[in-house]
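**Student:** can you look at this prediction? I've put the sequence above it.
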Amino acid sequence: MNAVDFDRVKRATYEASIGSAHHKNEQRKEADLQTRLDRLAAKAARLSVAEVSAATASTSGRVAELIATRDRGRVWVVVDMDAFFAAVEEKDEPALAGTAFAVGSVSMISTASYAARAHGIRSAMPGFVALKLLPSLRFVPPRFERYVAEAAAVRGVLAAFDPHFHAAGLDEAYLNLTVYCGRTGKDGLAAAHDVRAAIREATGLAASAGVAPNRMLAKVAADFGKPDGVFVVPSADAPALDAWVSSLPVRKVPGIGRVAERTLGALGVRTCGDLYAARGLVSLLFSRASADFFLAVSLGAGCDEEGGGAEADGDDTAAGRRGMSAERTFAPTRHRGELEARVRSLAARLARGCASEGLAPRTLTLKLKLASFEVRSRATGLSGAAVAAAVAAAAAAVAVAPAAAATVPPLSPPPRPAVAVAMAGEACPTLAGVGAPASGPPSDAPTSDADDDDDENDDLAHPTPPAVSALADALASAGLRLLRAEPVCDVRLLGLRLSNWAPRPGRGSSLPPGQRGLDGLLERRAGKATPDAPCPPPPHPPVQQQAVPAPAPAPAPAPAPAPPPATWSCQLCTFAGTPAHSLRCGVCDGLRGARVGDLISGGGAPPPEPERKRSRGGGGSGGQHQRGVAAMFGRGKGVGRGGG
């Protein structure tokens with residue numbers, strides 16, 4: 001990819017999408033981002049040198065904590081399969097090897113071969129844009145059942161090295177090989193070679209690996225090791241490791257996307273070393289959670305609790321997890337039956353995730369992206385006791401049931417569909433379920449909206465216990481209430497997100513350092529001191545009745561105002577206890593809140609909003625408030641893919 005002419009790629013993308021709904025939406029987003037950057041720069045200019053110096057000094061305690069918690073004696077390995085979907089196709093059809101082809105269609109590309117990537121073609125690129133870059137590009141229809149089978153074979157290999165490895169999609173996994181290295185006497189490089197050799201022997205597929213003392217740096221190293229290589233972060237030499245982290249571009253860090261990169265760049269921050277030097281300024285301009293994340297990044301400190309490996313000693317798997325989400329992109333549709341079926345499918349996926357990690361959510365958020373690329377986010381509270389009981393039952397069922405990931409399906413490939421060859425201006429078959437027209441590009445096709453969850457088709461191999469199904473039904477019911485409250489419109493993306501985890505008995509807070517929980521925020525505003533008490537519903541305004549003068553007959557009582565909903569939302573904040581008809585979010589104190597509870601309860605439109613200054617969250621449906629790094633920079637999911 002080093003020889004790719006990115007200016008040519010950008011020009012082709014622009015020419016292919018100009019005038020479309022996506023292009024107009026990108027222009028709006030760019031204008032909003034520039035406005036935010038201008039405000040951020042103006043705010044930074046108003047800060048005095050003394051204020052910044054004092055803020056820098058105030059971070060010394062947290063810096064000492066992060067340095068003390070860094071364990072550079074661990075061996076973390078991130079295994080990333082090289083062009084996984086394309087590699088499976090090459091394995092089944094050797095004639096494809098070395099040719100430029102893409103798995104997908106003219107509507108959207110799932111994976112591109114390395115020969116195609118040399119021309120700037122990448123995953124999540126519309127196929128019609130790719131054809132402008134390479135008219136002879138070949139499209140191969142995807143076969144997800146094959147990818148699931150090969151991924152299961154890879155996971156069977158990984159389990160022999162770390163039984164507690166964490167799979168991030170079909171093609172990526174995090175392994176803690178500290179115990180393996182101690183048992184075999186090998187270093188991280190040799191251990192990574194062992195893993196890669198075992199994968200190649202079992203599947204014939206190539207994998208890259210990154211070796212580092214924590215998950216975050218190992219993920220960065222895996223990208224440097226592509227394709228089919230190993231990159232080792234110099235963890236044995238502390239000065240060399242610090243120098244390497246300091247020179248690392250912030251864009252390489254997982255969780256920092258395009259928008260975050262530009263936001264930090266407006267402050268003169270390009271590398272992790274710059275980020276550490278500007279830690280005082282960052283703490284004054286960003287939220288506490290965002291500033292803490294940036295500080296940890298600048299020091300190369302990663303969160304290693306998830307998938308803690310064999311020696312994790314019962315670490316809380318929820319530590320550091322702010323939420324759990326799943327979403328799907330599809331051809332624009334307003335068919336309620338199809339949308340509701342997608343809600344149930346996503347709820348089933350999230351229910352399995354909650355059961356496997358023992359997490360009980362108290363907030364469910366529905367995300368909709370319309371055909372116009374407007375994003376709507378609606379949230380509602382969940383019944384804490386009922387969901388916690390359902391999660392406990394589902395977790396018990398999952399613990400008893402045999403692990404589906406340990407069962408390796410047969411690897412005999414099913415019949416391959418005919419390889420589609422598309423030239424510029426010719427028709428090409430579309431992905432099943434995408435439904436984009438075969439002749440020419442759709443006018444509003446996105447340039448970066450790929451399906452975020454590679455393991456969508458894990459459903460094919462996962463029998464669902466009844467207890468997990470009950471939890472899925474509860475989550476789906478909440479999601480369907482939010483969906484049905486929305487007016488009928490064309491939707492192209494639907495997602496569900498779970499957050500605000502209930503504390504587990506005998507465990508401490510599951511929030512990462514620097515992040516305040518929802519209850520804590522409410523108690524702080526209300527002056528309460530009960531850390532785990534559920535939020536009370538907002539008080540209903542009293543019904544006012546007119547006095548009855550004598551001897552005139554009593555007039556009819558005035559109609560009672562509609563009771564406020566138990567749950568309101570401002571994009572990412574869901575809260576209770578806010579005074580009736582308040583337009584100020586009770587969590588983030590912003591003024592752009594959309595009271596979706598009014599839609600749920602049928603209370604009608606909210607009263608007109610008073611004139612107010614715009615919140616820092618930017619525009620959009622109801623606005624967005626800054627809440628953690630993901631919300632601040634507009635990242636969707638969970639676990640996004642390197643995007644801002």
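**Tutor:** That came through fine.
**Student:** could you find the closest non-adjacent residue to Pro465?
**Tutor:** Ala397 (3.7 Å; Cβ to Cβ, 6 or more residues apart in numbering). The way it works is simple: take the backbone N, C-alpha and C, and place the C-beta from them, glycine included.
**Student:** from Asp473, how far off is the one you found?
**Tutor:** 14 Å (Cβ to Cβ, to the nearest Å).
**Student:** of the two, which one has the most company?
**Tutor:** Ala397 (18 against 14; other Cβ atoms under 10 Å).
**Student:** quick check: the more buried one is in a helix.
**Tutor:** Yes. Ala397: assigned to a helix according to DSSP: H, G, I helix; E, B strand; the rest coil.
**Student:** list the contacts of it.
**Tutor:** The contact partners of Ala397, taken as Cβ atoms under 8 Å, 6 or more residues apart in numbering, are Ala355, Pro465, Pro466, Ala467, Val468.
**Student:** what does Ala54 give?
**Tutor:** With Cβ under 8 Å, 6+ apart, Ala54 has these contacts: Gly280.
**Student:** surely Ala212 and Trp76 touch.
**Tutor:** Yes. The pair Ala212 and Trp76 passes the contact test of Cβ atoms under 8 Å, sitting 5.6 Å apart.
**Student:** okay, and the common contacts of those two?
**Tutor:** Joint contacts of Ala212 and Trp76 (Cβ under 8 Å, 6+ apart) are Ala218.
**Student:** just the buried ones out of the contacts of Ala397, please.
**Tutor:** With neighbours counted by 16 or more other Cβ atoms under 10 Å, these contain buried members at Ala355, Pro465, Ala467, Val468.
**Student:** and the gap between the second one and Ala472?
**Tutor:** Shown here: Pro465 relative to Ala472, a distance of 10 Å by Cβ to Cβ.
**Student:** which residue ranges of the stretch 51-200 of the chain form strands?
**Tutor:** 76-81, 101-104, 109-112, 138-140, 166-167, 172-176 (DSSP state E, counting those that start in this stretch).
**Student:** am I right that Ser377 is in a helix?
**Tutor:** No. Looking at Ser377 with three-state DSSP, it is strand, so not inside a helix.
**Student:** okay, now the unreliable bits of the stretch 351-500 of the chain?
**Tutor:** 384, 398-463 (pLDDT under 70).
**Student:** ranges for the helices of it?
**Tutor:** 384-400, 466-484 (DSSP state H, counting those that start in this stretch).
**Student:** most tightly packed of those?
**Tutor:** helix 466-484 (a mean of 20; mean count of other Cβ atoms under 10 Å).
**Student:** other residues contacting it?
**Tutor:** 336, 339-340, 343-344, 346-348, 350-352, 354-355, 361, 364, 366, 368, 378-380, 382, 386-387, 390-391, 393-394, 396-398, 464, 496, 498, 596, 600.
**Student:** ok and it relative to helix 384-400, angle-wise?
**Tutor:** 140 degrees (axes from the mean of the first three to the mean of the last three Cα atoms, to 10 degrees).
**Student:** kindly export helix 466-484 (C-alpha atoms) in PDB.
**Tutor:** Below are the C-alpha coordinates for helix 466-484, written out as PDB (Å, rounded to 0.1, in the frame of the first residue of the first chain):
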ATOM      1  CA  PRO A 466     -33.600 -21.200  25.700                       C
ATOM      2  CA  ALA A 467     -32.300 -18.900  28.500                       C
ATOM      3  CA  VAL A 468     -30.300 -16.900  25.900                       C
ATOM      4  CA  SER A 469     -33.300 -16.700  23.700                       C
ATOM      5  CA  ALA A 470     -35.300 -15.200  26.600                       C
ATOM      6  CA  LEU A 471     -32.700 -12.600  27.100                       C
ATOM      7  CA  ALA A 472     -32.700 -11.900  23.400                       C
ATOM      8  CA  ASP A 473     -36.400 -11.500  23.400                       C
ATOM      9  CA  ALA A 474     -36.200  -8.900  26.200                       C
ATOM     10  CA  LEU A 475     -33.600  -6.900  24.300                       C
ATOM     11  CA  ALA A 476     -35.500  -7.200  21.100                       C
ATOM     12  CA  SER A 477     -38.700  -6.000  22.800                       C
ATOM     13  CA  ALA A 478     -36.900  -2.800  23.900                       C
ATOM     14  CA  GLY A 479     -35.400  -2.200  20.500                       C
ATOM     15  CA  LEU A 480     -38.700  -2.800  18.700                       C
ATOM     16  CA  ARG A 481     -40.400  -0.200  21.000                       C
ATOM     17  CA  LEU A 482     -37.900   2.400  19.900                       C
ATOM     18  CA  LEU A 483     -38.100   1.400  16.200                       C
ATOM     19  CA  ARG A 484     -41.900   1.500  16.100                       C
END
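**Student:** top helix in the protein by residue count?
**Tutor:** helix 21-46 (DSSP state H).
**Student:** show me what that one is packed against.
**Tutor:** helix 6-17, helix 258-265, helix 279-285 (3 or more Cβ pairs under 8 Å, 6 or more residues apart in numbering; DSSP states H and E).
**Student:** on that earlier part again, got the helices of the stretch 351-500 of the chain as a markdown table, with distance to Ala222 columns?
**Tutor:** Formatted as a markdown table, the helices of the stretch 351-500 of the chain follow (distance: least, Cβ to Cβ, whole Å):
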| stretch | distance to Ala222 |
| --- | --- |
| helix 384-400 | 29 |
| helix 466-484 | 32 |
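**Student:** got phi/psi on Phe294?
**Tutor:** The phi and psi values for Phe294, taken as degrees, to the nearest 10, are phi -60, psi -40.
**Student:** hmm, it is touching Arg279, no?
**Tutor:** Yes. With contact defined as Cβ under 8 Å, Phe294 and Arg279 form a contacting pair (7.4 Å).
**Student:** looking at these two, which one has more neighbours?
**Tutor:** Phe294 (26 against 22).
**Student:** identify the residues contacting that one.
**Tutor:** Phe294 sits next to Leu264, Leu275, Arg279, Val282, Phe286, Val629 when contact means Cβ under 8 Å, 6+ apart.
**Student:** now render the residues you listed as TSV, adding pLDDT and distance to Ser105.
**Tutor:** Output for the contacts of Phe294, formatted as TSV (pLDDT from 0 to 100; distance: Cβ to Cβ, whole Å):
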residue	pLDDT	distance to Ser105
Leu264	95	36
Leu275	96	40
Arg279	95	46
Val282	95	43
Phe286	94	40
Val629	37	34
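**Student:** widest-spaced pair of these?
**Tutor:** The span of these, defined through Cβ to Cβ, is set by Arg279 and Val629 at 15.1 Å.
**Student:** kindly report the domain assignment for the protein.
**Tutor:** As recorded under automatic domain parsing, the domains making up the chain are 21-71+251-298, 324-401+463-504+518-533+562-644.
**Student:** hey, least reliable of those domains by pLDDT?
**Tutor:** Mean pLDDT is lowest for domain 324-401+463-504+518-533+562-644 among these, at a mean of 66.
**Student:** and stretch 85-96, what's buried?
**Tutor:** For stretch 85-96, using 16+ other Cβ under 10 Å, the buried residues are Phe85, Ala86, Ala87, Val88, Glu89, Glu90, Lys91, Leu96.
**Student:** please apply the same query to stretch 362-381.
**Tutor:** Neighbour-count burial for stretch 362-381 [16+ other Cβ under 10 Å]: 362-371, 373, 375-381.
**Student:** can you flag which of those residues belong to strands?
**Tutor:** 362-370, 375-381 (DSSP state E).
**Student:** contacts only, for Leu248.
**Tutor:** Neighbours of Leu248 in contact, by Cβ under 8 Å, 6+ apart: Val220, Thr271, Cys272, Gly300.
**Student:** ah, wrong one, I meant Met81
**Tutor:** Counted by Cβ under 8 Å, 6+ apart, Met81 has contacts Ala87, Val154, Leu170, Asp171, Glu172, Ile199, Leu205, Ala206, Ala207, Ser208.
**Student:** fine by me, thanks again.
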